[in-house]
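*Asks:* Okay, sequence plus prediction incoming.
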Amino acid sequence: MGHDKVHFDLDKEHYKFEGSIKTMTIVFMALGLLGAIWAFFDNGGWNHHARFWSNFLLNSYYFNAMALTAVFFIAAHTIGYGGWIASVKRIFESFSSFILIGFICFLIIIAGLWFDWHSLYHHWTHPAPGDTIVGDKIAFLNKGMYTALALLFFAGWILFSQWFRKHSLESDYMVDEISYNQKSKYIAAGYIVFFGVGTSVFSWLALMSLDPHWYSTLFGWYNFASYMCGFLCMTILIILILKAKGQLTYVNDSHMHNIVLFLFGFSVFWTYLWFSQFMLQWYGNIPEDTMWFVKRFEVPMFKAFFWVAFIINFIFPFLFLMKRTAKRNPWIYGIAAVILLFGHYLDFYSMVMFEPNAVPHHHEEAKHDASHASSKTSTLKLYADNHTTDSSHSVIPAVDAAAPVTESSAHANIASSDHKTDAHADGHAVEGHHATLGLIEILMFIGFIGLFLFVILSTLSKNRLVPLKSPFLEESLNYHT
Amino acid sequence: MSQGKIEQKKYVYGVYSHETNFLDAIKSVQADGLTVDDAYSPFPVHGIDDLLGIKETSLHKAGFTLGFTGLVTAFSVMTYVNTMGYPTVFGGKPFFSLPAFIPVMFETTVLMAAVGMFFVYIKRNELFPGKIPMIIDERTTDDKFALAFGIDGKSDSEISVIKSSLQKSGAEEVNIKSFE
């Protein structure tokens, strides 16, 4: 109620990171390390330890992006005069410390790129001869560009996020908090632009380039919707942890209502993009585009995940979180947060894990690991007509029988429209699949959750949970919807 | 609680000029065992719904029903037209192409829900054109608050109890308004 000013003993709000929660995060990290070591040697380290590296990339990307989104969330509320956020602002600011960890993870991936530790990006680090589709993209997709852009983006993200955190902490002792707030609006506007461009381009480099034949113009957006949901789930879980420890007494149902409302809204937004990406490519029916889906639909697990992601990430939150009472019941949104955190992991899983764990049949890797390739029969029966150039692998006799060309001549004729798609599909063809969602994946995911919570909660424990001098604090404490 | 509709002919009402006094007054008259028939305010007052025991609106149920109707309508019309009524090949796609229907289904859902809820809202709140507003005191549209009690069929002693309760609650004026 507007007239009843709520009073809290804000000086006492200071979280100590200790006890069962700390033990839990350490156990999680230990499990994650176990999973990582296991993944490294799984399957005899097949294809440059593909299982480890693809899991590592997936989790680094997902959790780092959550941290970036937290800073975006503050920035958006800063320029939009979002006052309600003031009482939970410190939690979002603490997310920024994980960007440093994400940076370290990506430095490892970049080092692996230069020293050939992994073959995540083998499609463009070792392009197939005559593959002009990848060849045309080499100007952008090369080791130098990958490294330079990743360093640039991380430098910007770290500088911006540290600025937000540092100045917010300093504002507790500031006399002129209004001018701080004015200044932060300009910085926030800058960050939003940098975040928008940076995360979008970074998503092309880190994830979309796993399959450089394919592109989607809304990939960056689609990624954003997914990790925005992941970030909101993490926020809900961290608030619930802090509340269970007797902190955040001033965070009321209305604040939670807003956060869960964002989760609900962004789940719908995710679905919009999930569907749009599929629908546009289905409708356009260009082999270059549709292969991405065709390949996934041929592997039963990925086909299942396509629909499971839709059910978990849309149908479930849409029906489960729609009611006002659901947005105010810690049990309901707590359970939803856990399920959605995993749901968006699954979404990234099908983006990342397919390509590095596929057994290709025209690359060195296939020969490198001939036993795997030969032990599996082609799963490409449905798409056999795209194999006409490679008669040894096609199940159905060549459709394009008038031009029974060899693989090399198909590449030579790549400019002639008839064979363009054939040669392309050949470069994509998948013999078998090593990707599974087993204990290793779950352990590494849990490990990253532990690492994320550890970093954030230890950052949170270093300072006050309330920005005492924030001009919006009064409004936020009395927030009522 | 008549929830915003004028149902009685004669009302006793108290006038307040501050939100705080207004909310305290509601508590005060309720402590005297009276039930407020209507409350007037120039702006939405936070927390007044709980205080007066006003139920949550069921407008969203209407919205869900209307939206669902739109979804089903669009789906069935397009399915009928594309598979039975006038099957035509578009871009080599099957006659029944669900992904192509979804944008239209989505738009129809939104359209039906939005337009339908507009009319439901207008009807429920009696805001349609030509309606003569029944306002207990015109100042409640500007800067005053009012608490109203219907007094149809009530004895003089009951009315005086209401009046004294209103005065006790800090009302600046206690008036009687009759809608004839």
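*Replies:* Happy to help now that I have it. Residues are numbered from 1 along each chain as shown, chains lettered A, B, ... in the order given.
*Asks:* what residues are up against the residue lying closest to A:Glu355 once chain neighbours are set aside?
*Replies:* In space, and not counting its chain neighbours, A:Glu355 is closest to A:Leu210: 4.2 Å by C-beta to C-beta, 6 or more residues apart in numbering or on different chains. Just so you know, the C-beta spots here come from the backbone N, C-alpha and C atoms, and that holds for glycine as well. A:Leu210 makes contacts with A:Leu120, A:Tyr121, A:His123, A:Met351, A:Val352, A:Phe354, A:Glu355, A:Pro356, as judged by C-beta atoms under 8 Å, 6 or more residues apart in numbering or on different chains.
*Asks:* Show me these that map onto strands.
*Replies:* Using DSSP state E, no member of those falls in strands.
*Asks:* export stretch A:69-81 as CSV, just CAs?
*Replies:* Once side chains and other backbone atoms are set aside, the C-alpha atoms of stretch A:69-81 remain, and they are given as CSV (Å, rounded to 0.1, in the frame of the first residue of the first chain):
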residue,chain,number,x,y,z
THR,A,69,22.0,-11.0,-20.2
ALA,A,70,21.9,-10.1,-16.5
VAL,A,71,23.9,-7.0,-17.3
PHE,A,72,21.6,-6.3,-20.3
PHE,A,73,18.6,-6.6,-17.9
ILE,A,74,20.1,-3.9,-15.6
ALA,A,75,20.9,-1.7,-18.6
ALA,A,76,17.4,-2.0,-20.1
HIS,A,77,15.8,-1.1,-16.7
THR,A,78,18.3,1.8,-16.3
ILE,A,79,17.3,3.5,-19.5
GLY,A,80,13.7,2.6,-19.1
TYR,A,81,13.4,4.0,-15.6
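*Asks:* Quick check: buried residues in it?
*Replies:* Neighbour-count burial for stretch A:69-81, with 16 or more other C-beta atoms under 10 Å in any protein chain shown as criterion, is recorded at A:Thr69, A:Ala70, A:Val71, A:Phe72, A:Phe73, A:Ile74, A:Ala75, A:Ala76, A:His77, A:Thr78.
*Asks:* and residue 27, how many neighbours does it have?
*Replies:* Looking at chain A here, since you left the chain open. Neighbouring residues of A:Val27 were enumerated by other C-beta atoms under 10 Å in any protein chain shown; the total is 13.
*Asks:* Chain B is the one I meant
*Replies:* Neighbour number of B:Lys27 under other C-beta under 10 Å is 10.
*Asks:* For it, give its distance to chain A.
*Replies:* The span separating B:Lys27 from chain A equals 11 Å under the rule C-beta to the nearest C-beta, to the nearest Å.
*Asks:* cool, and B:Leu23?
*Replies:* Taken as C-beta to the nearest C-beta, the spacing of B:Leu23 relative to chain A amounts to 7 Å.
*Asks:* That residue sits in which helix or strand?
*Replies:* Taking DSSP states H and E as the definition, one finds B:Leu23 inside helix B:19-31.
*Asks:* what's the following helix or strand after that helix?
*Replies:* The C-terminal neighbour of helix B:19-31 among helices and strands, as given by DSSP H and E, is strand B:38-40.
*Asks:* ok, which stretches of chain B are strands?
*Replies:* B:10-16, B:38-40, B:145-150, B:173-178.
*Asks:* coming back round to it: got the buried residues of stretch A:69-81 as JSON lines, with pLDDT columns?
*Replies:* Rendered in JSON lines, the data for the buried residues of stretch A:69-81 read as follows (pLDDT from 0 to 100):
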{"residue": "A:Thr69", "pLDDT": "95"}
{"residue": "A:Ala70", "pLDDT": "95"}
{"residue": "A:Val71", "pLDDT": "94"}
{"residue": "A:Phe72", "pLDDT": "95"}
{"residue": "A:Phe73", "pLDDT": "95"}
{"residue": "A:Ile74", "pLDDT": "93"}
{"residue": "A:Ala75", "pLDDT": "94"}
{"residue": "A:Ala76", "pLDDT": "94"}
{"residue": "A:His77", "pLDDT": "93"}
{"residue": "A:Thr78", "pLDDT": "91"}
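*Asks:* any idea which helix or strand carries A:Thr152?
*Replies:* No, residue A:152 isn't Thr; it's Leu. helix A:143-170.
*Asks:* mean confidence score for that helix?
*Replies:* Rounded to a whole number, the mean pLDDT of helix A:143-170 is 93.
*Asks:* one step back: let me know the closest of the buried residues of stretch A:69-81 to chain B.
*Replies:* Out of the buried residues of stretch A:69-81, the one with the shortest distance to chain B is A:His77. That distance is 20.9 Å, counting by C-beta to the nearest C-beta.
*Asks:* Which residue is the nearest non-sequential neighbour of that closest one?
*Replies:* The shortest distance from A:His77 to any residue that is not its chain neighbour, by C-beta to C-beta, 6+ apart, is 4.5 Å, and that residue is A:Ile85.
*Asks:* pretty sure that neighbour is touching A:Ser476, no?
*Replies:* Yes. The pair A:Ile85 / A:Ser476 is scored as a contact, 6.8 Å apart, by C-beta atoms under 8 Å.
*Asks:* returning to what we had before: and which of the contacts of A:Leu210 is nearest to B:Leu111?
*Replies:* Within the contacts of A:Leu210, proximity to B:Leu111 (C-beta to C-beta) peaks at A:Met351, which comes in at 33.3 Å.
*Asks:* Check the secondary structure at the closest residue to A:Tyr121 other than its chain neighbours for me.
*Replies:* On the basis of C-beta to C-beta, 6+ apart, the spatially nearest residue to A:Tyr121 that is not a chain neighbour turns out to be A:Ser209, at 6.0 Å. Applying DSSP: H, G, I helix; E, B strand; the rest coil to A:Ser209 yields a three-state assignment of helix.
*Asks:* now A:Ser209: how far from A:Val134?
*Replies:* Note on A:Ser209: its distance to A:Val134, by C-beta to C-beta, to the nearest Å, is 10 Å.
*Asks:* For whichever residue of the stretch 151-300 of chain A sits closest to chain B, the count of nearby residues, please.
*Replies:* Distance from chain B to each residue of the stretch 151-300 of chain A (C-beta to the nearest C-beta) is smallest for A:Met279, at 4.8 Å. Here the count is done by other C-beta under 10 Å, and A:Met279 has 15 residues near it.
*Asks:* Kindly provide the distance from the residue lying closest to A:Phe106 once chain neighbours are set aside to chain B.
*Replies:* On the basis of C-beta to C-beta, 6+ apart, the spatially nearest residue to A:Phe106 that is not a chain neighbour turns out to be A:Ala150, at 5.7 Å. When distance is defined by C-beta to the nearest C-beta, A:Ala150 is 35 Å away from chain B.
*Asks:* Pretty sure A:Ala150 sits against A:Val201.
*Replies:* No. In this structure, A:Ala150 is not within contact of A:Val201 by C-beta under 8 Å, at 9.8 Å.
*Asks:* Looking at the two, which is more packed in?
*Replies:* Ranked by neighbour count (other C-beta under 10 Å), A:Ala150 and A:Val201 place A:Ala150 first, with 21 against 17.
*Asks:* quick one on the thing from earlier: can I get the contacts of A:Leu210 in TSV with neighbour count and pLDDT?
*Replies:* Output for those, formatted as TSV (neighbours: other C-beta atoms under 10 Å in any protein chain shown; pLDDT from 0 to 100):
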residue	neighbour count	pLDDT
A:Leu120	23	89
A:Tyr121	24	91
A:His123	25	87
A:Met351	22	92
A:Val352	23	92
A:Phe354	22	89
A:Glu355	25	86
A:Pro356	26	87
